[in-house]
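Trainee: Prediction below, plus the sequence it came from.
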Amino acid sequence: MTLEPNVKSGNLRSMSVDELWNLHEMVETELSRKMLAERAVLEKRLRQLSGDIGAGGSKHAKRPYPKVLPKYRNPKNRRETWAGRGKQPRWLTAHLRNGKQLEDFKIPG
């Protein structure tokens with residue numbers, strides 16, 4: 001990879017189209033080579049990190065949460081229950097809009 005005297009001096013305007021095109025191809029080739037080498041280094045790092053993390057995607061296993069028992073029950077449909085977590089179910093919001101209290105639906109015990 002020898003550079004023309006014009007390139008060494010930085011005088012690109014005095015270069016012919018053919019000389020500029022050759023320079024372009026040399027730069028493109030060298031840039032591609034360096035990008036491939038950098039990509040290989042990054043992929044190697046990624047493989048090392050993936051090996052540290054494991055197949056699950058995180059270092060620690062997901063914490064097992066206990067099953068939450070229902071606290072509220074729909075009196076019209078006994079199968080519909082709510083544990084009191086997350087968004088209130090539609091049946092409960094409808095009853096609350098009609099003037100009932102949350103305690104009216106509490107499961108005893």
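Mentor: Looks like it came in fine. Residues are numbered from 1 along each chain as shown.
Trainee: Mind giving me the packing neighbours of the strand or helix carrying Ser32?
Mentor: Using DSSP states H and E, Ser32 maps to helix 17-53. The elements that helix 17-53 packs onto, with contact taken as 3 or more CB pairs under 8 Å, 6 or more residues apart in numbering; DSSP states H and E, are helix 5-9. Yep, even glycine has a C-beta here, placed from its N, CA and C like the rest.
Trainee: same question for the helix it packs on, mean pLDDT?
Mentor: Taken as a whole, helix 5-9 has an average pLDDT of 61.
Trainee: returning to what we had before: need the next SSE after the helix holding Ser32, C-terminal direction.
Mentor: Sequence-wise, the next helix or strand downstream of helix 17-53 (DSSP H and E) is strand 72-73.
Trainee: what's in contact with that following strand?
Mentor: 80-84, 92, 102, 105-107 (CB atoms under 8 Å, 6 or more residues apart in numbering).
Trainee: Between those, which sits nearest Lys62?
Mentor: Within the contacts of strand 72-73, proximity to Lys62 (CB to CB) peaks at Ala83, which comes in at 19.5 Å.
Trainee: neighbours around the closest one, how many?
Mentor: Using other CB atoms under 10 Å, Ala83 has 11 other residues around it.
Trainee: before we move on, the earlier item: show me which residues of the helix holding Ser32 are buried.
Mentor: Leu23 (16 or more other CB atoms under 10 Å).
Trainee: now the contacts of strand 72-73: which count as buried?
Mentor: By 16+ other CB under 10 Å, the contacts of strand 72-73 give 80-82, 92, 105 as buried.
Trainee: Filter those down to the ones in strands?
Mentor: 81-82 (DSSP state E).
Trainee: okay, the contacts of strand 72-73 in JSON lines with distance to Ser32 and pLDDT next?
Mentor: Shown next, in JSON lines, are these (distance: CB to CB, whole Å; pLDDT from 0 to 100):
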{"residue": "Glu80", "distance to Ser32": "63", "pLDDT": "95"}
{"residue": "Thr81", "distance to Ser32": "63", "pLDDT": "95"}
{"residue": "Trp82", "distance to Ser32": "60", "pLDDT": "95"}
{"residue": "Ala83", "distance to Ser32": "58", "pLDDT": "95"}
{"residue": "Gly84", "distance to Ser32": "60", "pLDDT": "93"}
{"residue": "Leu92", "distance to Ser32": "63", "pLDDT": "95"}
{"residue": "Leu102", "distance to Ser32": "66", "pLDDT": "94"}
{"residue": "Phe105", "distance to Ser32": "68", "pLDDT": "94"}
{"residue": "Lys106", "distance to Ser32": "69", "pLDDT": "95"}
{"residue": "Ile107", "distance to Ser32": "68", "pLDDT": "93"}
